[in-house]
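Participant: With the sequence up front, the predicted model follows.
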Amino acid sequence: MKIAIIRQRYNPYGGAERFVERALAALVAEGVAVDLITRNWDGAPAAGFHQITCDPPYSRLWGGRAARDRSFAAGVQRLLARGGYDITQSHERIPGCMVFRAGDGVHAAWLEHRGRQLSRLGRLALRLDPYHRHALDAEGRMFAHPALRAVICNSRMVAEEIRRHYGIDPDRIHVIYNGVDTARFHPDVAAGYREQQRRQLGLAASTPLLLFVGSGFERKGVPALLEAFAAMDNRQAHLALVGADRRLAAMRGLADRLGLGARVHFAGPQREVLPWYGAADGFVLPTLYDPCPNAALEALACGLPIVTSTTCGAREWVREGENGWVVDALDVRELGLCLDRLCAWRGQGAPREQARHAVAGLSLEAMSNRLLTLYRQLLAGGGKV
């Protein structure tokens with residue numbers, strides 16, 4: 001079996017990229033020949049795949065992100081036209097591939113959710129933005145293209161959005177959850193890291209510590225999280241934020257203005273997050289839109305109860321009052337109440353057990369088996385593309 005996987009660039013902290021790495025490693029282990037077509041994948045761990053660099057020029061001045069995406073799509077389509085692949089799977093909105101993995105979600109849905117934060121004029125500007133117009137056009141053409149035979153979603157939320165916005169036949173939509181290394185991400189990380197990591201933060205063993213992991217602070221809900229944290233009844237709790245963001249200084253300033261400077265720890269991007277999972281008592285991700293964040297699955301696998309949002313695909317693993325809560329991303333008051341509830345669970349075993357149980361079946365092997373089963377089904381229905 002020869003497969004082409006398309007992903008434009010590598011971000012070592014990005015959830016979609018980490019899925020690609022895991023999927024590639026699983027496929028190579030099964031003896032599948034994999035070509036990764038990418039503009040830039042520098043720094044990715046070797047997984048035994050063949051990398052093809054596709055980096056056609058574009059005008060940063062006149063076209064910006066839209067021109068970048070158009071040039072990459074055109075380059076990919078030229079490569080695929082040469083044929084020879086049994087399966088072509090894109091993680092970008094490129095018309096003409098056999099499989100699309102909606103790891104970044106549905107752009108039409110993202111604009112809908114983003115618009116809730118904006119004024120009427122702001123929503124109009126969002127719709128008229130050249131990049132968003134391009135993304136919507138590419139998304140529509142991709143879903144309507146006759147070559148598209150399967151759509152992989154990483155949550156039921158995304159599957160429903162695709163049906164709602166584009167009317168895709170449900171038989172072509174396949175929910176394959178992100179795999180998590182359940183042996184590595186395990187409740188035992190608390191025994192290995194909790195004491196040392198808390199010592200570095202200057203925290204007592206009894207101090208509640210909540211954890212946020214994610215890049216793109218505005219979309220992931222950090223401003224609302226800081227406001228909710230400031231409104232909590234529990235004034236002893238601390239919050240650690242792990243992730244990269246261009247607005248890091250602005251978020252530090254917001255924390256200071258809210259009087260949280262001493263209780264909020266901005267850790268920046270971390271290649272190794274296990275010590276933070278081990279040190280925390282609960283995980284918080286009030287994201288405005290996230291198809292299925294790996295960080296939430298990793299936190300649950302480590303036995304951390306979570307608070308997330310109604311617009312996060314990880315909501316389906318939350319059993320309210322048992323391993324966490326789900327709130328509206330913009331409801332700061334309710335978010336603050338749930339943070340207090342999360343802190344009240346500190347030291348209790350049952351919520352941690354329920355958190356682990358919710359994702360115990362989402363192993364890397366299970367993900368690999370689902371992918372290979374889908375590919376074999378597709379191959380049974382036709383020849384090379």
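Facilitator: Structure's in. What do you need?

Participant: Just after the least confident helix or strand in the chain by mean pLDDT, pick out the following helix or strand.
Facilitator: Across the helices and strands of the chain, mean pLDDT, DSSP states H and E gives its lowest value to helix 15-29, namely a mean of 71. Towards the C-terminus, the helix or strand next in line after helix 15-29, according to DSSP states H and E, is strand 33-38.

Participant: Tell me which other helices or strands that next one touches.
Facilitator: strand 2-6, helix 15-29, strand 50-53 (3 or more C-beta pairs under 8 Å, 6 or more residues apart in numbering; DSSP states H and E). C-beta coordinates here come from the backbone N, C-alpha and C atoms, glycine included.

Participant: tell me the average confidence for the last one?
Facilitator: Yep, that's strand 50-53 we're talking about. Throughout strand 50-53, pLDDT has a mean value of 89.

Participant: Within the sheet, what are the partner strands of it, with directions?
Facilitator: Here strand 50-53 has these sheet partners by DSSP bridges: strand 33-38 (parallel).

Participant: ok, which stretches of this protein are strands?
Facilitator: 2-6, 33-38, 50-53, 87-90, 99-101, 150-153, 173-175, 209-213, 238-242, 264-268, 282-285, 306-309, 324-327 (DSSP state E).

Participant: can you redo those as a markdown table with distance to residue 297 and mean neighbour count?
Facilitator: Converted to a markdown table, the strands of the chain look like this (distance: least, C-beta to C-beta, whole Å; neighbours: other C-beta atoms under 10 Å):
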| stretch | distance to residue 297 | mean neighbour count |
| --- | --- | --- |
| strand 2-6 | 21 | 22 |
| strand 33-38 | 23 | 21 |
| strand 50-53 | 27 | 13 |
| strand 87-90 | 21 | 24 |
| strand 99-101 | 16 | 26 |
| strand 150-153 | 15 | 22 |
| strand 173-175 | 14 | 18 |
| strand 209-213 | 11 | 26 |
| strand 238-242 | 15 | 23 |
| strand 264-268 | 20 | 17 |
| strand 282-285 | 10 | 27 |
| strand 306-309 | 10 | 26 |
| strand 324-327 | 13 | 24 |
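
Participant: Dump those strands to TSV, plus distance to residue 249.
Facilitator: Converted to TSV, the strands of the chain look like this (distance: least, C-beta to C-beta, whole Å):
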stretch	distance to residue 249
strand 2-6	35
strand 33-38	31
strand 50-53	34
strand 87-90	36
strand 99-101	34
strand 150-153	36
strand 173-175	39
strand 209-213	17
strand 238-242	13
strand 264-268	10
strand 282-285	21
strand 306-309	25
strand 324-327	27
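
Participant: Let me know which of those is the nearest to residue 257.
Facilitator: Comparing the strands of the chain against residue 257 with C-beta to C-beta, the closest turns out to be strand 264-268 (11.6 Å).

Participant: tell me the angle of the closest one relative to strand 209-213?
Facilitator: Inter-element angle recorded for strand 264-268 and strand 209-213: 30 degrees (by axes from the mean of the first three to the mean of the last three C-alpha atoms, to 10 degrees).

Participant: Given strand 264-268, what are its sheet partners and their directions?
Facilitator: strand 238-242 (parallel).

Participant: can you list the residues that contact the partner strand?
Facilitator: Strand 238-242 is touched from outside by 201, 203, 207-214, 217, 222, 225-226, 229, 251, 260, 263-270, 273, 276, 279-280, 284, with contacts defined as C-beta atoms under 8 Å, 6 or more residues apart in numbering.

Participant: number of nearby residues for residue 7?
Facilitator: 26 (other C-beta atoms under 10 Å).

Participant: now residue 361
Facilitator: Residue 361 sits with 9 neighbouring residues when counted by other C-beta under 10 Å.

Participant: Please report the number of neighbouring residues for residue 158.
Facilitator: By the other C-beta under 10 Å criterion, the neighbourhood of residue 158 contains 24 residues.

Participant: same thing with residue 74?
Facilitator: Based on other C-beta under 10 Å, the number of other residues close to residue 74 is 13.

Participant: Then residue 10?
Facilitator: Residue 10 has 19 neighbouring residues, counting by other C-beta under 10 Å.

Participant: so it sits right up against residue 51, yeah?
Facilitator: No: under the criterion of C-beta atoms under 8 Å, residue 10 is not in contact with residue 51, lying 10.1 Å apart.

Participant: Quickly list what's touching both of the two.
Facilitator: Common neighbours of residue 10 and residue 51 (C-beta under 8 Å, 6+ apart) are 38, 41.

Participant: Indicate which one of the strands of the chain is closest to residue 75.
Facilitator: Nearest to residue 75 among these is strand 33-38; the distance by C-beta to C-beta comes to 8.4 Å.

Participant: Output stretch 108-127 as CSV, restricted to C-alpha atoms.
Facilitator: What follows is stretch 108-127 as a C-alpha-only set of coordinates in CSV (Å, rounded to 0.1, in the frame of the first residue of the first chain):
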residue,chain,number,x,y,z
ALA,A,108,-17.4,27.6,8.4
ALA,A,109,-18.1,26.5,12.0
TRP,A,110,-15.0,28.3,13.3
LEU,A,111,-16.3,31.6,11.8
GLU,A,112,-19.7,31.0,13.3
HIS,A,113,-18.2,30.5,16.8
ARG,A,114,-15.7,33.4,16.4
GLY,A,115,-18.6,35.7,15.4
ARG,A,116,-20.1,35.3,18.8
GLN,A,117,-17.3,37.4,20.2
LEU,A,118,-17.7,40.2,17.7
SER,A,119,-20.0,43.1,17.0
ARG,A,120,-22.1,43.1,13.8
LEU,A,121,-19.5,45.1,12.1
GLY,A,122,-16.8,42.8,13.3
ARG,A,123,-18.6,39.8,11.9
LEU,A,124,-19.0,41.5,8.5
ALA,A,125,-15.2,42.2,8.5
LEU,A,126,-14.6,38.6,9.3
ARG,A,127,-16.6,37.4,6.4
